[in-house]
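Engineer: One predicted model, sequence on top.
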Amino acid sequence: MIFVCSATHKTKSMFFFLAQTEQGDIFKITLETDEDMVTEIRLKYFDTVPGAAAMCVLKTGFLFVASEFGNHYLYQIAHLGDDDEEPEFSSAMPLEEGDTFFFQPRPLKNLVLVDELDSLSPILFCQIADLANEDTPQLYVACGRGPRSSLRVLRHGLEVSEMAVSELPGNPNAVWTVRRHIEDEFDAYIIVSFVNATLVLSIGETVEEVTDSGFLGTTPTLSCSLLGDDALVQVYPDGIRHIRADKRVNEWKTPGKKTIVKCAVNQRQVVIALTGGELVYFEMDPSGQLNEYTERKEMSADVVCMSLANVPPGEQRSRFLAVGLVDNTVRIISLDPSDCLQPLSMQALPAQPESLCIVEMGGAEKQDELGERGSIGFLYLNIGLQNGVLLRTVLDPVTGDLSDTRTRYLGSRPVKLFRVRMQGQEAVLAMSSRSWLSYSYQSRFHLTPLSYETLEFASGFASEQCPEGIVAISTNTLRILALEKLGAVFNQVAFPLQYTPRRFVIHPESSNLIIIETDHNAYTEATKAQRKQQMAEEMVEAAGEDERELAAEMAAAFLNENLPESIFGAPKAGNGQWASVVRVMNPIQGNTLDLVQLEQNEAAFSVAVCRFANASDDWHVLVGVAKDLILNPRSVAGGFIYTYKLVNNGEKLEFLHKTPVEEVPAAIAPFQGRVLIGVGKLLRVYDLGKKKLLRKCENKHIANYISGIQTIGHRVIVSDVQESFIWVRYKRNENQLIIFADDTYPRWVTTATLLDYDTVAGADKFGNICVVRLPPNTNDEVDEDPTGNKALWDRGLLNGASQKAEVIMNYHVGETVLSLQKTTLIPGGSESLVYTTLSGGIGILVPFTSHEDHDFFQHVEMHLRSEHPPLCGRDHLSFRSYYFPVKNVIDGDLCEQFNSMEPNKQKNVSEELDRTPPEVSKKLEDIRTRYAF
């Protein structure tokens, strides 16, 4: 039994230690002291939690468990376990030679699980595909170890929790929330507008319709808001209704035949646009009356959208009005008394604007002299266009100029914008075919989609249960939503697995996953049941005559006890004991469609799904299995290739036959209607037979052990466990596999993927990623010398092939990379190389498309290496070149640190680059959004 980690808790009157064993059991250790001498150590079983890398007891009575693998947990310490029945062991108790103390694990008693933190570590395999038909591909990630393994589906977006959903009598077209008084913490009314009516709901314990709110219910509403301290304003097509706190109502009616088309309101100002593009401006005077400004402004075209910023704390009005016109422009108009309704600036747009929203974002919270909290940020004008693009532009707070525009494509529908509050700051909810949230979090801008169905209109919502929620409408329902995990890139759904997942393949027709799970030092279910039975029988036999009945009861209790392995761990079986299953799973629902248990000591290492030319209608699944493998000193009793047929639409595996082989089949790949299998260091072509797979061809010249096989055309790229890549050509006529090129560097390849006909990307177990390419003059029409009496000087370089590959790039990630894939992560984006690491990291490498970009980022990286060295003082260049000198890769993570540098350093670096700091950060954001999130 090994103790793996501990935590100390110390108060004025007492102290104790919590120590955890490798099985996950926590013991509470207390010391008896005499002056400064420890006289006795006492140990008591406390609780069992998953195995941790570190534990920490917080002053507030919580225990944080940083799991070695899998999610991290936060527990509340409910009891200190002093007064329970649990036996206490002491160093003062005498023990006979060979005796030991026993304790009984049980479900949690002293701890209460409060929260968990998602962790993907370790990622053993990952594939990116759009199996759920959602436009944006999902990441299917096999992670975890042993009984705590899971298959997780990652989607780019924020997790949305649904607080309430209620049906409405028809299809509404807009919704708002208002407070009764400016000091109120929570909203009082939800106003829902229909085509010809307005519904007012009051928010209390429940949400109910009210009729005495003062709102006009027989007309649709264009907007409503709290005005001044305690009055409400409703803007509807025929006028403005100002409702005072004592329910007095003032109405302003539109002149003649004109109606109000668009409006913008905030706490003190109302601006309306009448048909024909005429703007009318109202401002609230100190007595709480709405006063119309004497002049009106005629716009040159029809108004399609308007926005006012919130009134800044301590000021009378917001200075700027943004107006979007039919002629594809946005104009900023001053509302200052000195130059009221005068145009200040204008921006031309690529398409017609749909909505506008001015927000103050990115500010640090500050307190002014009176202790009022407010954030001093930048003003941003967000413009949603009809073609589904969102523009974010900086609005100068003094002159009203627009500068530094960033663009993002959000979806296929026109973009509508709504101002909401997140973490005490303003944020923008943008709705297209998907809903997106633009918010500032930990001093960085995030624009993330919501993982939720399409919404049509929204407003911020605050109540006791949900202080920062959103109320939204979708078709004929009203929904109250909350976003909790801000700052997360992915939301994830986890489906539990039985053993450590090693690899999986996707069945192309049904999109089901075929997963192989293998654990060393583990029992299969059948062996576990057998062992339990055997131990129960031994318990009864070992007991004396008088204790028989008691022993029988204990044995029955032992057989019935079923502790969940995901918490208590699985029994350790010893070295050379393996357990495996093959699972067919539906990745969208996460239900297991079929599960094949392999026998004890059969370890599945490889899997492939393929069609054979001689049985072309059926899909077959091949699983490579090792028998009695002992890792150190290495020995193996041989292996098998299990062949299954996929039946009833890819949901069931039908066993056909098993083919014995002499070594571990560590790699299988479909190839021209047959399969290539790497058996130890032999590369073989097999075809489907009636009783077993039939060997058609083999190559014995690979150095150590085949760890992976990629195929393209007639070429086969074999990754060796130690000797990098070997290029093999299959000659159909001679039925030969001939090596024609290899790599000059030793690389312990863990995974590889093809980039094109001559190029392969690979990763090794020391945390490097490389791209290797055959030179343009490589000839794969090589003849093998069958007689073996080739002259010595023709043998090729370094005992290898006569042609060598060139290294295009080297880069040290610093974590073992276990999967690589060339894919697009966003619809309409460009292709990138996505890697996942054993520590649970997901990263991408993106290609440069222009020399100027490359040149620019090279200089950014160079300046940041000197201006912004890492915290621990390592040299960045030497770290990225740990095994091979870094070549042709620029560290984007380092470049993105530019945004978190001090402003004066940012200014120095950007001046060296002949740019301004916003231009540099725009370049960084552009390259990021072109490929990913």
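Structural biologist: Perfect, thanks for sending it.

Engineer: so where is this protein shaky, pLDDT-wise?
Structural biologist: Low-confidence segments of the chain (pLDDT under 70): 363-376, 784-799.

Engineer: Contacts only, for the residue nearest the centre of it.
Structural biologist: The C-alpha lying nearest the average C-alpha coordinate of the chain belongs to residue 490 (C-alpha atoms, centre = their mean; 2.5 Å). Applying C-beta atoms under 8 Å, 6 or more residues apart in numbering, we find residue 490 in contact with 139, 154, 155, 156, 157. Any C-beta I mention is one placed from the backbone N, CA and C, and that applies to glycine too.

Engineer: And residue 541, by the same measure?
Structural biologist: Applying C-beta under 8 Å, 6+ apart to residue 541 gives no contacts.

Engineer: quick check, it in a strand?
Structural biologist: No. Using DSSP: H, G, I helix; E, B strand; the rest coil, the secondary structure at residue 541 is helix, not a strand.

Engineer: Next, the buried residues of stretch 208-223.
Structural biologist: By 16 or more other C-beta atoms under 10 Å, the buried positions in stretch 208-223 come out as 213, 214, 215, 216, 219, 220, 221, 222, 223.

Engineer: Let's have those in TSV, adding secondary structure.
Structural biologist: Output for the buried residues of stretch 208-223, formatted as TSV (three-state DSSP):
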residue	secondary structure
213	coil
214	coil
215	coil
216	coil
219	coil
220	coil
221	coil
222	coil
223	strand
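
Engineer: Pick the one among the contacts of residue 490 closest to residue 696.
Structural biologist: For those, the closest approach to residue 696 (C-beta to C-beta) belongs to residue 139, at 36.8 Å.

Engineer: Parallel or antiparallel, which strands does the strand or helix carrying the closest one pair with?
Structural biologist: For residue 139, the element it lies in under DSSP states H and E is strand 138-143. The strands beside strand 138-143 in its sheet (DSSP bridges) come out as strand 123-129 (antiparallel), strand 150-156 (antiparallel).

Engineer: nearest to residue 353, of the ones you listed?
Structural biologist: That would be strand 150-156 among these, by C-beta to C-beta, at 26.6 Å.

Engineer: residues near residue 691, how many?
Structural biologist: 9 (other C-beta atoms under 10 Å).

Engineer: typed the wrong thing, it's residue 115
Structural biologist: Using other C-beta under 10 Å: residue 115 sits among 11 other residues.

Engineer: Checking the nearest residue to it once chain neighbours are set aside next. Helix, strand or coil?
Structural biologist: Nearest residue to residue 115, sequence neighbours excluded (C-beta to C-beta, 6 or more residues apart in numbering): residue 74, at 4.5 Å. Judged by three-state DSSP, the three-state class of residue 74 is strand.

Engineer: can I assume residue 74 is in contact with residue 60?
Structural biologist: No. Here residue 74 does not reach residue 60: they are 10.7 Å apart, not a contact under C-beta atoms under 8 Å.

Engineer: what would the buried residues of stretch 208-223 look like in a markdown table with distance to residue 894?
Structural biologist: Shown next, in a markdown table, are these (distance: C-beta to C-beta, whole Å):
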| residue | distance to residue 894 |
| --- | --- |
| 213 | 56 |
| 214 | 58 |
| 215 | 55 |
| 216 | 59 |
| 219 | 58 |
| 220 | 54 |
| 221 | 51 |
| 222 | 49 |
| 223 | 46 |
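
Engineer: quick revisit: with respect to residue 925, which of the contacts of residue 490 is nearest?
Structural biologist: Checking those against residue 925 by C-beta to C-beta gives residue 156 as the nearest, at 16.2 Å.

Engineer: show me what contacts the closest one?
Structural biologist: Contacts of residue 156 by C-beta under 8 Å, 6+ apart are 136, 448, 449, 489, 490, 825, 826, 933.

Engineer: Bridging across strands, which residues link to the second one?
Structural biologist: This points to residue 448. Judged by DSSP bridges, the bridge partners of residue 448 are residue 437.

Engineer: I'd assumed residue 157 was in contact with it.
Structural biologist: Yes. Assessed by C-beta under 8 Å, residue 448 is found in contact with residue 157 at 6.2 Å.

Engineer: could you pull out the strands for the stretch 151-300 of the chain?
Structural biologist: Using DSSP state E, counting those that start in this stretch, the strands of the stretch 151-300 of the chain run over 160-167, 174-178, 189-193, 198-203, 207-209, 223-227, 231-236, 239-243, 249-253, 260-265, 269-274, 278-284, 290-292, 297-298.

Engineer: would you turn these into a markdown table with distance to residue 430?
Structural biologist: Shown next, in a markdown table, are the strands of the stretch 151-300 of the chain (distance: least, C-beta to C-beta, whole Å):
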| stretch | distance to residue 430 |
| --- | --- |
| strand 160-167 | 15 |
| strand 174-178 | 16 |
| strand 189-193 | 20 |
| strand 198-203 | 25 |
| strand 207-209 | 26 |
| strand 223-227 | 18 |
| strand 231-236 | 23 |
| strand 239-243 | 28 |
| strand 249-253 | 32 |
| strand 260-265 | 18 |
| strand 269-274 | 22 |
| strand 278-284 | 25 |
| strand 290-292 | 31 |
| strand 297-298 | 28 |
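
Engineer: Nearest to residue 663, out of these?
Structural biologist: It is, among those and with distance given as C-beta to C-beta, strand 160-167, at 50.5 Å.

Engineer: follow-up on the earlier one: for residue 74 and residue 60, indicate the residue with more neighbours.
Structural biologist: residue 74 (16 against 7).

Engineer: got the contact list for that one?
Structural biologist: 62, 63, 64, 65, 113, 114, 115, 116, 117.

Engineer: How many residues are close by the first one?
Structural biologist: This means residue 62. 16.

Engineer: In this structure it contacts residue 55, no?
Structural biologist: No. In this structure residue 62 lies outside contact range of residue 55 using C-beta under 8 Å: 11.0 Å.

Engineer: and the closest residue to residue 400 other than its chain neighbours, what are its phi and psi?
Structural biologist: Excluding its sequence neighbours, the residue lying closest to residue 400 (C-beta to C-beta, 6+ apart) is residue 344, at 3.5 Å. In this entry, residue 344 is assigned phi and psi values of phi -100, psi -50 (degrees, to the nearest 10).

Engineer: hmm, back to that, with distance to residue 124 added, can I get the contacts of residue 490 in TSV?
Structural biologist: Below are the contacts of residue 490 laid out as TSV (distance: C-beta to C-beta, whole Å):
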residue	distance to residue 124
139	13
154	15
155	20
156	22
157	24
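
Engineer: of those residues, closest to residue 406?
Structural biologist: So of the contacts of residue 490, ranked by how close each gets to residue 406 (C-beta to C-beta), first place is residue 156, at 18.5 Å.

Engineer: In contact with the residue nearest to residue 400, which residues?
Structural biologist: Going by C-beta under 8 Å, 6+ apart, the list of residues near residue 344 reads 320, 332, 333, 334, 399, 400, 401.

Engineer: In helices only, show me the residues you listed.
Structural biologist: Judged by DSSP state H, the contacts of residue 344 include no members of helices.

Engineer: could you redo the residues you listed as a markdown table and give each row neighbour count?
Structural biologist: Shown next, in a markdown table, are those (neighbours: other C-beta atoms under 10 Å):
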| residue | neighbour count |
| --- | --- |
| 320 | 22 |
| 332 | 23 |
| 333 | 24 |
| 334 | 18 |
| 399 | 11 |
| 400 | 22 |
| 401 | 13 |
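
Engineer: what are the ranges of the helices in the stretch 501-650 of the chain?
Structural biologist: Taking DSSP state H, counting those that start in this stretch as the criterion, the stretch 501-650 of the chain carries its helices at 525-542, 548-560, 565-568.

Engineer: what's the answer for the chain, then?
Structural biologist: Per DSSP H, the chain carries helices over the ranges 525-542, 548-560, 565-568, 851-867, 876-880, 892-895, 903-912, 917-931.
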